[in-house]
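J.: Need a 3D model of the following:
(2 chains)
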Amino acid sequence: DSGVTQTPKHLITATGQRVTLRCSPRSGDLSVYWYQQSLDQGLQFLIQYYNGEERAKGNILERFSAQQFPDLHSELNLSSLELGDSALYFCASSGDGGGVYEQYFGPGTRLTVT
Amino acid sequence: ELKVEQNPLFLSMQEGKNYTIYCNYSTTSDRLYWYRQDPGKSLESLFVLLSNGAVKQEGRLMASLDTKARLSTLHITAAVHDLSATYFCAVDGDSNYQLIWGAGTKLIIKP
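T.: Numbering: from 1, shown residues only, chains lettered A, B, ... in the order given. Predicted structure coming up:
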């Protein structure tokens, strides 16, 4: 158990809908990362937050947005969903300890768009 | 463009054999990370290599880092079926706190 929690575990929704994925980082970690992994694909980095502020952006679509709240939990909002958005969405967290940015991954949310 | 290249991308091998997965990268990072992912599951940190010449071992897996060659290897000794998984390497990006990921090596070990 990495200490990172994600909800929900599974989500099935229809095209055009909007969903929110939630992540709670490990205790004490200030950074949260969001990744998308399509079937048999590698990891696509979406976005990173550090202590409430957006720090880095990857290949995140305009239909997607995220935020990190004062209690450090984060939410990823996906709107106008398309079939191609079906994927595993991972959240990871890391601390600042000594410059090692090892990321700890949550169990993921499996999104199915029908 | 920052790149991390793993090879092979797919490896099928017999139990008891030895093999090596390679991770080449283009950044000037001194740190390299190896992760394991079982099918449909999350990623689990295996090794964090922090400096040139670093070597870490856990059971049948051994990872090493050569920052001058920008190369890391993950060596599997006497493979067993339980090691079947996808293995990812990652390095620090130019910006702080972001990792650049390899495409992953899917390893299948047949009994």
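J.: so where is the chain shaky, pLDDT-wise?
T.: Just so you know, I chose chain A. Applying pLDDT under 70 to chain A picks out residues A:40, A:96-100.
J.: switch to chain B, that's the one I care about
T.: B:94-97.
J.: Residue A:69 and residue A:59: what is the separation?
T.: Distance from residue A:69 to residue A:59, counting by CB to CB, to the nearest Å: 24 Å. Every C-beta, even on glycine, is put in place using the N, C-alpha and C of the backbone.
J.: ah, wrong one, I meant residue B:78
T.: Per CB to CB, residue B:78 is found 39 Å from residue A:59.
J.: Ok, residue A:110 next?
T.: Applying CB to CB, the value for residue A:110 to residue A:59 is 20 Å.
J.: When these two are compared, which one has more neighbours?
T.: More crowded of residue A:110 and residue A:59, by other CB atoms under 10 Å in any protein chain shown: residue A:110, with 16 against 10.
J.: My guess is the more buried one contacts residue A:11. True?
T.: Yes. The criterion here is CB atoms under 8 Å, and residue A:110 meets it with residue A:11 at 7.1 Å.
J.: Wait, residue B:20 touches residue B:76, no?
T.: Yes. Here residue B:20 reaches residue B:76: they are 7.3 Å apart, a contact under CB under 8 Å.
J.: State the three-state secondary structure for residue A:61.
T.: What DSSP: H, G, I helix; E, B strand; the rest coil gives for residue A:61 is coil.
J.: what's the neighbour count on it?
T.: If you count neighbours by other CB under 10 Å, residue A:61 ends up with 14.
J.: Residue A:94 too?
T.: Neighbours around residue A:94, by other CB under 10 Å: 22.
J.: which residues of the chain fall in strands?
T.: By default, I'm working from chain A. Using DSSP state E, the strands found in chain A span residues A:5-7, A:10-13, A:19-24, A:31-37, A:44-50, A:53-57, A:64-68, A:74-78, A:87-94, A:104-105, A:109-113.
J.: switch to chain B, that's the one I care about
T.: Using DSSP E, strands in chain B cover B:4-7, B:10-14, B:19-25, B:32-37, B:43-49, B:55-58, B:61-66, B:71-76, B:85-92, B:99-101, B:105-110.
J.: any idea how far residue A:63 lies from residue A:33?
T.: Here residue A:63 is placed at a distance of 19 Å from residue A:33 (CB to CB).
J.: Now do the buried residues in stretch B:32-49.
T.: B:32-37, B:42-43, B:45-49 (16 or more other CB atoms under 10 Å in any protein chain shown).
J.: what does stretch A:49-59 give?
T.: Under 16+ other CB under 10 Å, the buried positions of stretch A:49-59 are A:49-50, A:55-56, A:58.
J.: Any idea which residue is closest to the centre of chain A?
T.: Closest to where the C-alpha atoms of chain A average out (CA atoms, centre = their mean) is residue A:34, at 3.1 Å.
J.: and the nearest residue to that residue once chain neighbours are set aside, what does it touch?
T.: In space, and not counting its chain neighbours, residue A:34 is closest to residue A:46: 4.3 Å by CB to CB, 6 or more residues apart in numbering or on different chains. The neighbours of residue A:46, taking CB atoms under 8 Å, 6 or more residues apart in numbering or on different chains as the test, are A:33-36, A:57-60, A:64, A:66, A:76.
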